[in-house]
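K.L.:
What follows is a predicted protein model with its sequence.
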Amino acid sequence: MKIFGSALALAIIAGTMLSACGDTKSNYENSGKQAVAYIQARRDFAQALGSAVAQKQGPVYRLVAISGPQYPVGSALDPANPADAVTTACLVPEPALVAWAPLPAVNQSRNVSLGASLPALLGSASSLLSKLGINVARTSSANWRMEDVAQRLSPQAVFAEAISTGSCAEQTSERDILFVRGVIYAKETFTSTTGFNAAASTSESGGGFRVSADQNGGFKVEDAQAIPRFHIVTLKPAAGSSGRSSLESRPVFVAPSDEVLNRLSAVR
């Protein structure tokens, strides 16, 4: 069975179009020496992961960073205003979700610049870091990684059936719907660019993350476990607008536009 079913492809975060270039992984790794904004590093990671999968699949599903609420699988959102849930009748029960594996390896390590606003993980960990003698607010950049990447999603047949029948179909057939098909989980890690000596470090844990600092001022901050980082989304056009003739027909999916993904990523 192919990853995400026969039609699924992960694409990139809002604002960047999918590229199926075979050199995506190496290009991403080679760009790691130059400090970039944190949000750009996450976009680049999603592009690399999406492109690696999409080399053999069609771009029907796309990947967007979770910057606000985590929507459960089967969430039916208004593409013109993704903060508005159209109905809860399409939600897929947790036991019906599966952990597809393995995802393509995207070996990355990026230097990210830390400007006026710290990434959420570093901001949350700042008090624990200060206990270890580290003032992260004075740090201009850090090495960022995303590890232990995994996904949970509804199998294609289950997902199509869930949104094609009953109350869900009745409430969504006559309008465009942005559906959440799955969720990508991952752990974020930040390490000081000056180096970190794990063998000579002390650690603190709390709030779902771990922090460590060595005697030379090096530090490491990491999620204690993988958490939701990206939504896997697709757009179902209104009935009749893309060849779907009736409520009973299997739904037709198209890739959401950059404009729609921008709206979803802006939801807080």
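P.N.:
Noted; the coordinates are in hand.

K.L.:
what about the strands in this structure?
P.N.:
Secondary structure of the chain by DSSP state E: the strands cover 36-37, 62-65, 76-78, 81-87, 110-113, 141-153, 177-192, 201-206, 209-214, 219-223, 227-236.

K.L.:
what's the most buried one of those?
P.N.:
Burial of the strands of the chain is given as mean neighbour count (mean count of other CB atoms under 10 Å); strand 62-65 ranks first at a mean of 25. Heads up, the C-betas are built off the backbone N, CA and C, glycines and all.

K.L.:
I'd like to know which elements it is packed against.
P.N.:
For strand 62-65, the packing partners by 3 or more CB pairs under 8 Å, 6 or more residues apart in numbering; DSSP states H and E come out as helix 38-54, strand 227-236, helix 258-265.

K.L.:
What pairs with that strand, parallel or antiparallel?
P.N.:
strand 227-236 (antiparallel) (DSSP bridges).

K.L.:
re earlier: could you check the strands of the chain and tell me which one is nearest P256?
P.N.:
Distance to P256, taken as CB to CB, is lowest for strand 227-236 among these, at 4.5 Å.

K.L.:
got the angle for that closest one vs strand 81-87?
P.N.:
If you take axes from the mean of the first three to the mean of the last three CA atoms, to 10 degrees, strand 227-236 sits at 80 degrees to strand 81-87.

K.L.:
okay if I get the strands of the chain as a markdown table plus distance to N135?
P.N.:
Output for those, formatted as a markdown table (distance: least, CB to CB, whole Å):
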| stretch | distance to N135 |
| --- | --- |
| strand 36-37 | 21 |
| strand 62-65 | 28 |
| strand 76-78 | 40 |
| strand 81-87 | 36 |
| strand 110-113 | 17 |
| strand 141-153 | 13 |
| strand 177-192 | 12 |
| strand 201-206 | 15 |
| strand 209-214 | 11 |
| strand 219-223 | 10 |
| strand 227-236 | 26 |
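
K.L.:
Any idea which of those strands has the lowest pLDDT on average?
P.N.:
Mean pLDDT is lowest for strand 62-65 among those, at a mean of 84.

K.L.:
Convert it to CSV, retaining C-alpha atoms only.
P.N.:
Below are the C-alpha coordinates for strand 62-65, written out as CSV (Å, rounded to 0.1, in the frame of the first residue of the first chain):
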residue,chain,number,x,y,z
ARG,A,62,-0.8,19.6,1.0
LEU,A,63,1.0,20.2,4.2
VAL,A,64,0.6,23.3,6.4
ALA,A,65,2.2,24.2,9.7
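
K.L.:
Going forward, count from 12.
P.N.:
Shifting the count to begin at 12 puts that one at strand 73-76.

K.L.:
mind checking how far that strand is from the chain centre?
P.N.:
Taking CA atoms, centre = their mean, to the nearest Å, one finds strand 73-76 lying 5 Å from the centre of the chain it belongs to.

K.L.:
count of residues packed around the residue lying closest to F207 once chain neighbours are set aside?
P.N.:
Using CB to CB, 6 or more residues apart in numbering and skipping the chain neighbours, the partner closest in space to F207 is G229 (3.7 Å). Per other CB atoms under 10 Å, the neighbour tally for G229 reads 19.

K.L.:
Could you check how far G229 is from F220?
P.N.:
Separation of G229 from F220 (CB to CB, to the nearest Å) stands at 17 Å.

K.L.:
May I see the helices and strands packed on strand 73-76 arranged in TSV, with distance to A148 as well?
P.N.:
Below are the helices and strands packed on strand 73-76 laid out as TSV (distance: least, CB to CB, whole Å):
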stretch	distance to A148
helix 49-65	15
strand 238-247	24
helix 269-276	26
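
K.L.:
D225: which of the ones you listed is closest?
P.N.:
Distance to D225, taken as CB to CB, is lowest for helix 49-65 among these, at 23.3 Å.
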